[in-house]
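> with the input below, show me the fold.
(one chain, ligands or ions: 1)
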Amino acid sequence: MRKRVVVADYKSAYGDPVVKIRLEELERFVVTVYTREVFVLFREVLLLASNVRVVSSKKTSTCTLFEVAMYCQGRSWNISWGEMDDEFRCSCLRMESFGIPCVHIIGVLVRLNMIVIPDSLILGRWTKKAKQSPINNYVFSGEIPDAAYMSMHAAMLDDCRELVKLSCSYFEDYFEVKTKIANE
Ligand SMILES: [Zn+2]
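Here you go, the predicted model:
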């Protein structure tokens, strides 16, 4: 079945064209790296990233410290960037918990004009390479969290629409798919 990559619309209410371009570039990069399931989750993060603004930045002897805030949220987060090894750490610790860079780090990547996600932020088990490897067969399980529900729902609808379109071209396909669905 034909696979389509939908480039999300990153135009926020504050629509900065440079931010939009950077986010689209990051999306194009991650779609080549992450598995489809992780890409769907990560896309949620990218969609929110245009709301991140860097409040301040300070260079120390070992790293650069950024303070970021999000529009309409009265708090801030601290991110450190070790330029030598491209190590990012955010005070929200989402990367450490979920293995996917948080929206704050993505906001800083955009500010740094990065168009690829550094290796240090890409967990091996979420990548297409890992999926191809028979020894690393990680699968998602359990209830889908609210944060991912909308985009996963939309992706499933897309696939269903595609299936309907494809299966209604020939009698053979139509009856085959119809029988499969009835047997489910
Ligand atoms: Zn964070």
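> please count neighbours and contacts with C-alpha atoms only from this point.
Noted.
> name the element the spatially closest residue to residue 168 that is not a sequence neighbour belongs to?
Excluding the flanking residues, the one nearest residue 168 by C-alpha to C-alpha, 6 or more residues apart in numbering is residue 174, at 5.4 Å. Assigned by DSSP states H and E, residue 174 falls within helix 171-183.
> what does this structure have sitting close to the ion?
90, 92, 102, 104 (C-alpha under 5 Å from the ion).
> as a markdown table, these with secondary structure and neighbour count would be great.
Shown next, in a markdown table, are those (DSSP: H, G, I helix; E, B strand; the rest coil; neighbours: other C-alpha atoms under 10 Å):
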| residue | secondary structure | neighbour count |
| --- | --- | --- |
| 90 | strand | 22 |
| 92 | coil | 16 |
| 102 | coil | 22 |
| 104 | helix | 31 |
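> what are the contacting residues of stretch 145-159?
40, 41, 44 (C-alpha atoms under 8 Å, 6 or more residues apart in numbering).
> got the phi/psi numbers for the first one?
Here is the backbone geometry of residue 40 (degrees, to the nearest 10): phi -60, psi -40.
> can you check the second one too?
According to degrees, to the nearest 10, the main-chain angles of residue 41 amount to phi -70, psi -40.
> can you tell me the element the residue nearest to residue 58 when sequence neighbours are not counted falls in?
With C-alpha to C-alpha, 6+ apart as the criterion, residue 58 has its nearest non-adjacent residue at 5.1 Å, and that residue is residue 65. Using DSSP H and E, residue 65 maps to strand 64-70.
> cool, residue 53 as well?
Here residue 53 is assigned to strand 52-59, by DSSP H and E.
> which stretches of this structure form strands?
52-59, 64-70, 76-82, 87-90 (DSSP state E).
> which elements pack onto the longest one?
In other words, strand 52-59. Contacts defined by 3 or more C-alpha pairs under 8 Å, 6 or more residues apart in numbering; DSSP states H and E place strand 52-59 against strand 64-70, helix 103-111.
> need the contact list for residue 48.
By C-alpha under 8 Å, 6+ apart, the residues touching residue 48 are residue 103.
> cool, residue 87 as well?
By C-alpha under 8 Å, 6+ apart, residue 87 lies in contact with 80, 81, 120, 121.
> now swap in residue 118 and tell me
Contacts for residue 118 (C-alpha under 8 Å, 6+ apart) come out as residue 86.
> OK, contacts around the residue nearest the centre of the chain?
Nearest to the geometric centre of the chain sits residue 42, at 1.6 Å (C-alpha atoms, centre = their mean). By C-alpha under 8 Å, 6+ apart, the residues touching residue 42 are residue 100.
> does anything pack onto the strand holding residue 65? Which helices or strands?
Strand 64-70 sits against strand 52-59, strand 76-82, helix 103-111, with contacts defined as 3+ C-alpha pairs under 8 Å, 6+ apart.
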